[in-house]
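Colleague: no FASTA, just this:
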Ligand code: ADP
Ligand code: MG
């Protein structure tokens with residue numbers, strides 16, 4: 001096929017524009033992103049070659065090569081990984097084939113300072129090359145194919161693709177540096193960027209050997225290349241030998257995230273299954289957290305060989321924000337998604353990892369309250385799904401929940417069930433809560449009046465998932481949870497005698513009124529009662545204990561059910 005000129009997708013143009021402006025102060029990350037992609041490409045080749053050794057084309061020494069040319073003012077990053085076909089180049093580079101992208105981009109304001117954090121959430125990836133380059137030439141050949149492809153762009157809205165010959169498989173990227181970016185045409189500078197960001201990469205990153213100097217200071221050019229990084233899988237190292245920065249950089253690579261993680265758990269497990277887990281809790285929810293087609297999840301390795309990335313089978317749905325690596329010593333190398341689904345061994349690994357993550361969150365809640373609050377505001381609503389989803393860990397998950405409460409002002413969700421129990425009044429045996437559509441509706445509900453009057457704390461639930469939560473969480477630490485908007489008002493020992501008598505007297509006195517209201521409302525209500533649950537409001541709606549709450553009914557109606 002001949003050369004063709006194509007336009008970037010609108011979103012790519014926006015991303016490019018923003019990135020160049022917003023990330024300028026941290027421009028060296030382009031190298032991290034390109035090395036990260038090269039490493040992923042080698043992982044993919046290694047995996048495909050498990051079935052088809054011919055893909056190695058006689059060259060099984062996977063590596064990433066980095067070099068620069070001072071005169072041409074170029075930097076070249078080359079890998080001998082999987083490479084791309086022409087159609088793959090067009091699909092992967094020039095388009096952002098991710099669901100939710102349009103909505104994501106509609107949030108951008110055009111103000112670089114405001115939008116830069118959004119970019120982080122999206123991941124910068126390949127396009128970060130244009131932070132330092134005004135022209136990028138990518139030449140690639142997919143393993144096992146004969147035809148190579150060249151892609152070239154000046155980052156200005158268009159790119160070209162053409163067929164070319166390429167001897168070795170894999171991808172080579174040449175960055176033509178912008179005016180003023182000459183600092184990267186420097187051996188020392190490039191090496192230090194690699195050490196800083198890419199030391200953990202699982203395969204050698206090679207650079208030309210440094211020249212030596214003779215007695216008169218004359219340069220003697222060196223032959224060959226040498227490995228610049230540690231080139232072993234980070235998770236196989238001892239915890240004591242890994243710095244926080246290294247953990248953080250590794251996270252950015254596996255999670256395709258731009259930010260540092262909030263917390264991580266790293267452990268080697270021996271038992272029925274032998275595996276290593278290195279799992280992270282991100283700092284910020286990805287834009288596709290609620291998207292069924294989300295791409296990222298946890299990466300499964302078997303004996304250091306990357307097998308697949310999965311967001312369904314290695315972690316339960318309610319922990320779908322977790323990122324990282326599980327490396328098994330026991331699973332077969334040919335493990336597929338289908339096998340994952342049914343495998344008891346995977347189930348064992350999964351449940352072990354879930355416990356690790358819950359432990360990590362408990363530790364965060366206990367010892368780093370501010371970070372836990374960040375976690376909660378980003379992922380609390382997802383974690384709540386776990387109470388119904390994961391029966392085995394229900395009590396632990398419930399312990400991690402945080403709620404708004406009548407005990408505090410404001411909408412912050414920062415009261416745990418344990419906090420609540422610690423404040424329960426003498427003789428109180430239930431945990432009271434209310435569900436409503438909004439925080440304000442919960443706080444101002446007439447159902448609260450009598451509780452407030454008696455000094456009984458009520459948890460205020462107003463997230464969408466709270467109805468489901470309330471239906472699956474009926475008890476915590478031996479205490480029943482009771483909706484204040486359901487059933488007969490039962491205040492137990494907090495009901496006072498005088499009030500009871502007053503209610504009975506009132507019931508008699510207002511019998512005619514009640515009958516009249518019943519007559520007027522007919523089938524629309526089950527019953528009309530005189531109550532002491534109100535202090536200021538004249539009337540409120542109550543549902544029976546086992547009926548749907550008014551709020552759930554509203555939600556279902558809104559969903560068209
Ligand atoms: P991400 O790495 O998060 O997928 P990038 O923007 O970094 O996003 O890369 C986009 C896609 O381009 C990759 O998913 C991959 O399919 C392809 N790609 C990029 N670099 C390479 C490479 N060196 N070899 C093969 N494919 C690559
Ligand atoms: Mg990438």
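Modeller: Sure, I can see it. Predicted, not measured: the structure shown is a model, and the values here were computed from it. Ligands and ions are numbered 1, 2, ... in the order given.

Colleague: Quick check: the gap between residue 256 and residue 394.
Modeller: For residue 256, the distance to residue 394 equals 32 Å [CB to CB, to the nearest Å]. For every residue, glycine as well, the C-beta is placed using N, CA and C.

Colleague: who has more neighbours, the two?
Modeller: The neighbour comparison of residue 256 against residue 394 (other CB atoms under 10 Å) goes to residue 256, with 20 against 17.

Colleague: That one touches residue 297, doesn't it?
Modeller: No: with contact defined as CB atoms under 8 Å, residue 256 and residue 297 do not form a contacting pair (11.0 Å).

Colleague: Name the residues contacting each of the two.
Modeller: Common contacts of residue 256 and residue 297 (CB atoms under 8 Å, 6 or more residues apart in numbering): none found.

Colleague: Which of the helices and strands in the protein ranks last by mean pLDDT?
Modeller: helix 112-122 (a mean of 66; mean pLDDT, DSSP states H and E).

Colleague: For residue 140, give me the backbone phi and psi.
Modeller: phi -150, psi 150 (degrees, to the nearest 10).

Colleague: can you pull the contacts of it?
Modeller: With contact taken as CB under 8 Å, 6+ apart, residue 140 is in contact with 83, 84, 89, 148, 149, 150, 151, 166, 170, 171, 172.

Colleague: tell me the contacts of the closest residue to the fifth one other than its chain neighbours?
Modeller: Spatial nearest neighbour of residue 149, chain neighbours left out: residue 86 (4.4 Å); criterion: CB to CB, 6 or more residues apart in numbering. In this structure, residue 86 makes contact with 1, 147, 149, 161, 163, judged by CB under 8 Å, 6+ apart.

Colleague: What number of neighbouring residues does residue 202 come out with?
Modeller: So residue 202, with other CB under 10 Å, has 23 neighbours.

Colleague: where's it, which helix or strand?
Modeller: Using DSSP states H and E, residue 202 falls within no helix or strand.

Colleague: State the pLDDT value of residue 169.
Modeller: At residue 169, the model reports a pLDDT of 97.

Colleague: typed the wrong thing, it's residue 430
Modeller: 93.

Colleague: surely it meets residue 482?
Modeller: Yes: because the distance of 4.3 Å satisfies CB under 8 Å, residue 430 is recorded as touching residue 482.

Colleague: shared neighbours of the two, which are they?
Modeller: Counting by CB under 8 Å, 6+ apart, nothing touches both residue 430 and residue 482.

Colleague: one step back: using JSON lines, lay out the contacts of residue 140 together with secondary structure, distance to ligand 1 and neighbour count.
Modeller: Shown next, in JSON lines, are the contacts of residue 140 (DSSP: H, G, I helix; E, B strand; the rest coil; distance: CB to the nearest ligand atom, whole Å; neighbours: other CB atoms under 10 Å):
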{"residue": "83", "secondary structure": "coil", "distance to ligand 1": "6", "neighbour count": "27"}
{"residue": "84", "secondary structure": "coil", "distance to ligand 1": "5", "neighbour count": "23"}
{"residue": "89", "secondary structure": "helix", "distance to ligand 1": "8", "neighbour count": "21"}
{"residue": "148", "secondary structure": "strand", "distance to ligand 1": "13", "neighbour count": "23"}
{"residue": "149", "secondary structure": "strand", "distance to ligand 1": "11", "neighbour count": "25"}
{"residue": "150", "secondary structure": "strand", "distance to ligand 1": "14", "neighbour count": "19"}
{"residue": "151", "secondary structure": "strand", "distance to ligand 1": "10", "neighbour count": "23"}
{"residue": "166", "secondary structure": "coil", "distance to ligand 1": "13", "neighbour count": "20"}
{"residue": "170", "secondary structure": "strand", "distance to ligand 1": "7", "neighbour count": "27"}
{"residue": "171", "secondary structure": "strand", "distance to ligand 1": "4", "neighbour count": "27"}
{"residue": "172", "secondary structure": "strand", "distance to ligand 1": "9", "neighbour count": "21"}
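
Colleague: Name all residues that make contact with residue 136.
Modeller: Applying CB under 8 Å, 6+ apart to residue 136 gives the contacts 129, 130, 152, 153, 155, 173, 174, 175, 176.

Colleague: Recalculate using a threshold of 7 Å.
Modeller: Residue 136 makes contacts with 129, 130, 152, 153, 173, 175, as judged by CB atoms under 7 Å, 6 or more residues apart in numbering.

Colleague: ok but it is inside a strand, no?
Modeller: Yes: checked against DSSP: H, G, I helix; E, B strand; the rest coil, residue 136 lies within a strand.

Colleague: Okay, the nearest residue to it once chain neighbours are set aside and ligand 1: tell me how far apart.
Modeller: In this structure, residue 136 finds its nearest non-sequential neighbour in residue 129, 4.9 Å apart by CB to CB, 6+ apart. The span separating residue 129 from ligand 1 equals 9 Å under the rule CB to the nearest ligand atom, to the nearest Å.

Colleague: Which of the three states applies to residue 129?
Modeller: Here residue 129 takes the helix state, with states given by three-state DSSP.

Colleague: wait, it sits on residue 30?
Modeller: Yes: contact criterion CB atoms under 7 Å: residue 129 and residue 30 qualify, at 5.4 Å.

Colleague: Disregarding residues adjacent in the polypeptide, which is nearest to the residue of the chain found nearest ligand 1?
Modeller: Using CB to the nearest ligand atom, residue 125 is the residue of the chain that sits closest to ligand 1, at 2.3 Å. Once flanking residues are discounted, residue 125 sits nearest to residue 33: 5.5 Å by CB to CB, 6+ apart.

Colleague: Check which helix or strand the one you found maps to.
Modeller: Going by DSSP H and E, residue 33 is in helix 29-49.

Colleague: what residues are up against residue 195?
Modeller: So residue 195 contacts residue 229 (CB under 7 Å, 6+ apart).
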